[in-house]
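J.: what follows is a predicted protein model with its sequence.
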Amino acid sequence: MKKLSVVQKKQQALVLAAVTILEQQALTELPGVVQCWFSLEYEAFPGSLLVRLQFVDVAALETAQPQLLLWQKRLSGLMLKRGVVLKTMQKHLVFTLSCPDE
């Protein structure tokens, strides 16, 4: 794996900070949340950012699904506070059952 540039390290740090806050909120407010994780391609940031909120089972996922837009807005707001504008907030956060290893 190649080393990250200074700019890429800054991008990673600000995304990690926002995702950590989002994860803490989700763990307390949404039943069945396991963890929150993200992936991104530094060359296409912020458009390539994808944050996933992982749920324990299908029932928990289906229960939370109506709140997806609210959580997408929260992520967008957290990123905006860090100076990153997500143009289409709906494509940057999804609810899932898969884990980072899959």
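T.: Nice, I can see it.
J.: okay, now the unreliable bits of the chain?
T.: 1, 102 (pLDDT under 70).
J.: mind doing that once more with 80?
T.: 1-2, 89, 101-102 (pLDDT under 80).
J.: how about the strands in it?
T.: All strands of the chain, identified by DSSP state E, fall at 33-39, 50-55, 93-96.
J.: and for the chain, the residue most distant from the center?
T.: Distance from the centre of the chain peaks at Lys2, with 23.5 Å (Cα atoms, centre = their mean).
J.: just want the angle from the helix ranked longest in the chain to strand 33-39.
T.: In the chain, taking DSSP state H as the definition, the longest helix is helix 6-29. Orientation check (axes from the mean of the first three to the mean of the last three Cα atoms, to 10 degrees): helix 6-29 against strand 33-39 gives 160 degrees.
J.: which helices and strands does helix 6-29 pack with?
T.: strand 33-39, strand 50-55, helix 68-81 (3 or more Cβ pairs under 8 Å, 6 or more residues apart in numbering; DSSP states H and E). (C-beta placed from N, C-alpha, C; glycine too.)
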